[in-house]
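Undergrad: sequence plus the predicted model coming up.
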Amino acid sequence: MHLSYPDEGNWIDRIVCQKSTDNGASWNNGTFMGLNGTKAQDKEWATVDRANNNIYVTWTEFDSYGSSSEADSSFILFSKSEDAGETWSEAIRLSQTAGDCIDDDETVEGAVPTVGTNGEIYVAWAGRKTNGELAIMFDKSTDNGETWLDQDIFVTNFPDGWAYDIPGISRCNGLPVTVCDTSGLANNGRIYINWTDQRNGTDDTDVWLVSSDNKGEAWTEPKRINDDPAGKQQFFTWLTIDQTSGYLYCVFYDRRNYDNNYTDVYMAVSKDGGENFENIKISETPFSPNSGAFFGDYTNISAHNGVIRPIWTRLDDSGLSIYTAIIEQESNVPEKEANNIYAEKIYPNPLTTEANFSYKLRKSSNISIKLFDISGKHIATISEINNQPAGKYVEKINIEELNL
């Protein structure tokens, strides 16, 4: 998924989705969403509901990017594909309150969608309350994006806004990231929003987290993720959940160790649903950014089965480069909080010819894998294993071999 910059016509005129069916060896020309005359489309993020393979995308539309005219506004839009990116629904507006078009605090931006435990779509963004106050706002859909709330939900104030100055960074933002726990464990269904801001002063940028246990209807007070003393800069954050353990992983730039612009990269880990975070430095050496180099707007991080992959940009010898860290952590989910077996959703579903079904055992167990049709009728037993040792397993299901 990426923005489109045509040789002729308006700037960033649409959002393009390209896909590969040969493990990335080649890519199709792509399809698109959001094309709307001369209006500009920006900051797109996508998520996939693995239960039905729907793709959901949210982004910001500008009537006229950079315009200071009161007649021009910005909005959060949504589109979806139900056929693996072949076609896209007509974009619909989510944000009730519009922003301006200057690409600063008064704009509505930073919409990152996520899928809930029962297929809900959740999304938050940096916007404004109906009275004009800067805030993080939230919306949701319970019918695959067909309809959304009549009124956006206020999450928390955004003191001094999402756009702020960091020495050595050409542009910095604290736009929110939304994720949902679908692990089936202790905090299943909990929604989290992560962002940075300067509510404690321009020399004290911090990383924050709120959560909701009732589908976004009410939210906790902001909790500070970085655990250093006040007075340092932490910025460009991203949050993810390891859905095999429910653990939270947050990556961000950090200057706690220096009195100049030297910058490290830290990862914060929470194993108790965001109540407490351990901060870990993951970059080997610091770097000193140059405001003449554009770092982009985001870092990122992924986590699955204890394998964590953060990604960030750094500057060395006037050259920008992309880095990651090789991190593996034992989940160590408490037995009382964890099921003995963690099973991923079968993919693809519905199953047509063949699929892989993976699962993880935390202790030796008797295993029976059965196949049911859409009505719940048992149609085949794939395998039955007594005293299968603890570990990770993949079971291949081939419809033709079952002779159904």
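TA: The structure has been received and is ready for your questions. Residues are numbered from 1 along each chain as shown.
Undergrad: please enumerate the strands of the stretch 101-250 of the chain.
TA: For the stretch 101-250 of the chain, applying DSSP state E, counting those that start in this stretch gives strands covering 109-115, 121-128, 134-141, 153-157, 163-164, 172-173, 177-180, 191-197, 206-212, 223-224, 234-242, 247-254.
Undergrad: ranking those strands by burial, who's on top?
TA: Among the strands of the stretch 101-250 of the chain, ranked by average contacts under mean count of other Cβ atoms under 10 Å, first place goes to strand 121-128 (a mean of 28). Placement of C-beta: from N, CA and C, glycine included.
Undergrad: which strands or helices does that strand pack on?
TA: Using 3 or more Cβ pairs under 8 Å, 6 or more residues apart in numbering; DSSP states H and E, the elements in contact with strand 121-128 are strand 54-62, strand 74-81, strand 109-115, strand 134-141, strand 177-180, strand 191-197.
Undergrad: how about these in JSON lines, adding mean pLDDT and distance to residue 383?
TA: Shown next, in JSON lines, are those (pLDDT from 0 to 100; distance: least, Cβ to Cβ, whole Å):
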{"stretch": "strand 54-62", "mean pLDDT": "98", "distance to residue 383": "30"}
{"stretch": "strand 74-81", "mean pLDDT": "98", "distance to residue 383": "34"}
{"stretch": "strand 109-115", "mean pLDDT": "97", "distance to residue 383": "29"}
{"stretch": "strand 134-141", "mean pLDDT": "98", "distance to residue 383": "38"}
{"stretch": "strand 177-180", "mean pLDDT": "98", "distance to residue 383": "32"}
{"stretch": "strand 191-197", "mean pLDDT": "98", "distance to residue 383": "36"}
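Undergrad: export those to a markdown table and append columns for distance to residue 209.
TA: Output for the helices and strands packed on strand 121-128, formatted as a markdown table (distance: least, Cβ to Cβ, whole Å):
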| stretch | distance to residue 209 |
| --- | --- |
| strand 54-62 | 20 |
| strand 74-81 | 21 |
| strand 109-115 | 14 |
| strand 134-141 | 12 |
| strand 177-180 | 10 |
| strand 191-197 | 5 |
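Undergrad: which of these sits closest to residue 240?
TA: Closest approach to residue 240 among those (Cβ to Cβ): strand 177-180, 6.2 Å.
Undergrad: show me what that closest one is in contact with.
TA: 112-117, 120, 122-124, 138, 189-195, 237-241 (Cβ atoms under 8 Å, 6 or more residues apart in numbering).
Undergrad: chain center to it, what's the gap?
TA: 5 Å (Cα atoms, centre = their mean, to the nearest Å).
Undergrad: listing partners with orientation, what would you give for that strand?
TA: strand 191-197 (antiparallel) (DSSP bridges).
Undergrad: tell me what angle the strand it pairs with forms with strand 206-212.
TA: Interaxial angle of strand 191-197 relative to strand 206-212 (axes from the mean of the first three to the mean of the last three Cα atoms, to 10 degrees): 160 degrees.
Undergrad: what about strand 191-197, distance to the chain center?
TA: 11 Å.
Undergrad: got any ranges where this protein has weak pLDDT?
TA: Low-confidence segments of the chain, defined by pLDDT under 70: 331-352, 362, 373-376, 404.
Undergrad: okay, domains of it per the record?
TA: When the chain is parsed with automatic domain parsing, its domains come out as 2-328, 341-402.
Undergrad: and among the ones you listed, the most buried is which?
TA: domain 2-328 (a mean of 18).
Undergrad: quote the end-to-end distance of that one.
TA: With Cα to Cα, to the nearest Å applied, domain 2-328 spans 30 Å between its terminal residues.
Undergrad: how about stretch 116-126?
TA: In stretch 116-126, first residue to last residue: 21 Å (Cα to Cα).
Undergrad: and it, how far from the chain's centre?
TA: So, by Cα atoms, centre = their mean, the centroid of stretch 116-126 is 10 Å from its chain's centroid.
Undergrad: can I assume residue 136 is in contact with residue 193?
TA: Yes - between residue 136 and residue 193 there is a contact under Cβ atoms under 8 Å: 6.4 Å.
Undergrad: list residues touching both of these two?
TA: Common contacts of residue 136 and residue 193 (Cβ under 8 Å, 6+ apart): 124, 155, 176, 210.
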